[in-house]
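S.K.: Build me a model from this:
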Amino acid sequence: MQMNYLKRKLYKIFREKFILQPAFEEAQKDKQGNGIIKKSKVISISGMIFSSMFIIGSILVREDFNDNFELLVLLVTMSIIFLILSLVAATSKVIYNTEGITSHRLGFKRHLYYNSITSVNYSRIFGGSIVLKGVGIKIIVTFENKGFIDFFQVLKNHFGDEKVKDIEMKLKAWRNQ
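M.R.: Next comes the predicted model:
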């Protein structure tokens, strides 16, 4: 009973400090005044450390997998995939200004002008996110990005309360979980 309470308390502290607090902080600005939102460094670095430890651990205990080499290969493969996803999260960012939104992910750049956005929707992917769709382009912005609330206010000002009302309700529910 004590252990479950401790785990819940630690999770609540971690979530508040490293996920919620950065999301509701002010977004970074570049020299031109564009807002920049990206993953918290703690989240990105912890993912890379976890996957690296998993790879090293799998290699160190390889003698235990002599009879089941396929399991070792599966563990190492999953660790490498997780490491790549962590690197993607660490290098991804969304830049927004008064004209539109630009998503940078793995060296690819996607840009949507506000007037070319055809839909603004909520998605449960990545724990909660906004999906912006234009003609042939889709940009996903997760709630836990550092400075997300500033970006959401820009969307709200541009599209009006009615179009983002559902997302605002989901954002409040996400914050109060």
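S.K.: So which residues make contact with stretch 122-136?
M.R.: 101, 112-113, 116-121, 138-144, 152, 155, 166-167, 170-171, 174 (C-beta atoms under 8 Å, 6 or more residues apart in numbering). (Glycine included, C-beta is placed from N, CA and C.)
S.K.: Now, of the residues you listed, which are buried?
M.R.: 101, 112, 117, 120, 139-144, 152, 155, 167, 170-171, 174 (16 or more other C-beta atoms under 10 Å).
S.K.: backbone phi and psi for K31, please?
M.R.: The phi/psi pair for K31 (degrees, to the nearest 10) reads phi -60, psi -30.
S.K.: Can you pick out the ones from the buried ones among the contacts of stretch 122-136 that are in helices?
M.R.: Those of the buried ones among the contacts of stretch 122-136 mapping onto helices are F152, L155, I167, K170, L171, W174, per DSSP state H.
S.K.: Just the element for the nearest residue to the fourth one once chain neighbours are set aside, please.
M.R.: Just to be clear, that refers to K170. What sits nearest to K170 in space, not counting adjacent residues and going by C-beta to C-beta, 6 or more residues apart in numbering, is Y122, at 4.8 Å. Assigned by DSSP states H and E, Y122 belongs to strand 119-123.
S.K.: How about Q21?
M.R.: helix 21-23.
S.K.: For that helix, the averaged confidence score.
M.R.: On average, the pLDDT along helix 21-23 is 69.
S.K.: I'd like the next helix or strand past it.
M.R.: Later in the chain than helix 21-23, the nearest helix or strand by DSSP H and E is strand 28-29.
S.K.: What mean pLDDT does that next one get?
M.R.: Computed over strand 28-29, the average pLDDT equals 84.
S.K.: Please enumerate the helices of this structure.
M.R.: Counting by DSSP H, one finds helices in the chain at the ranges 2-15, 21-23, 41-60, 69-91, 148-159, 161-175.
S.K.: C-alpha coordinates for the first one, CSV please?
M.R.: Backbone C-alpha positions of helix 2-15 (Å, rounded to 0.1, in the frame of the first residue of the first chain) are rendered in CSV as follows:
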residue,chain,number,x,y,z
GLN,A,2,2.8,2.4,0.9
MET,A,3,4.7,1.6,-2.3
ASN,A,4,1.7,2.4,-4.5
TYR,A,5,1.2,5.7,-2.7
LEU,A,6,4.9,6.5,-3.2
LYS,A,7,4.8,5.6,-6.9
ARG,A,8,1.7,7.8,-7.5
LYS,A,9,3.2,10.7,-5.6
LEU,A,10,6.5,10.4,-7.6
TYR,A,11,4.7,10.2,-10.9
LYS,A,12,2.6,13.2,-10.0
ILE,A,13,5.7,15.2,-9.1
PHE,A,14,7.5,14.1,-12.3
ARG,A,15,4.5,14.9,-14.4
